[in-house]
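S.K.: when you get a sec, could you give me coordinates for this:
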Amino acid sequence: MIGHPTSIDANVPIAFFTYEFDAKRGGYNIVPNKDFISQAERIISREGIGKDGTIFVMCRSGGRSAMAAKALVKAGYTNVWNLVEGFEGDKDDQGVRSLNGWRNAGLPWSYKLKPEQAWISTHTGTSLDID
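M.R.: Residues are numbered from 1 along each chain as shown. From the prediction side, this is the model:
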């Protein structure tokens with residue numbers, strides 16, 4: 001986990017990283033969260049926000065949150081904002097995300113989530129016991 005703003009209502013991923021490595025990209029593949037809108041709407045409803053209420057979305061660097069904002073607008077939400085610099089911001093010359101973003105601006109953040117902020121999977125597959 002890279003951390004998050006302390007004031008978030010919840011973490012609802014627009015996509016998930018897989019265990020499939022893509023050598024061409026140099027990273028793991030991602031797949032869309034097909035339940036993103038319904039999961040986001042549960043949080044939006046819990047917080048008492050209507051279709052015209054203010055909603056901010058953020059990811060590590062702004063790309064996935066742009067997709068989330070577009071999906072929410074398509075679902076009828078009219079006041080959605082993407083924090084374009086993201087949580088960690090842009091990469092510097094050494095490839096480190098240190099140029100801008102929420103955390104680099106010195107805004108309040110944490111690695112620790114409260115239970116109501118955590119994303120809970122609705123997946124009903126088999127769990128694994130690891131020795």
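
S.K.: so W81 is in which element?
M.R.: strand 80-82 (DSSP states H and E).

S.K.: any idea which element the nearest residue to A75 once chain neighbours are set aside lies in?
M.R.: Excluding its sequence neighbours, the residue lying closest to A75 (C-beta to C-beta, 6 or more residues apart in numbering) is I37, at 5.0 Å. The C-beta positions use only the backbone N, C-alpha and C, and glycine is treated the same way. I37 belongs to helix 36-46 when assigned by DSSP H and E.

S.K.: what of F56?
M.R.: strand 55-57.

S.K.: what lies in contact with that strand?
M.R.: I44, I49, S65, A68, A69, L72, Y77, N79, V80, W81, N82, L83 (C-beta atoms under 8 Å, 6 or more residues apart in numbering).

S.K.: grab the nearest non-local neighbour of the first one.
M.R.: By that I understand I44. Closest to I44 by C-beta to C-beta, 6+ apart is I55, at 6.8 Å.

S.K.: so R103 is in which element?
M.R.: helix 101-104.

S.K.: can I get that helix as PDB, trimmed to CA atoms?
M.R.: C-alpha atoms of helix 101-104 as PDB (Å, rounded to 0.1, in the frame of the first residue of the first chain):
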ATOM      1  CA  GLY A 101       0.600  14.900  -5.500                       C
ATOM      2  CA  TRP A 102      -1.200  14.800  -2.200                       C
ATOM      3  CA  ARG A 103       1.600  13.200  -0.100                       C
ATOM      4  CA  ASN A 104       4.400  15.400  -1.500                       C
END
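
S.K.: what about the lengthiest strand in the chain, average pLDDT?
M.R.: The longest strand of the chain (DSSP state E) is strand 15-22. Strand 15-22 shows an average pLDDT of 91 in the prediction.

S.K.: that's all I had, so thanks and see you.
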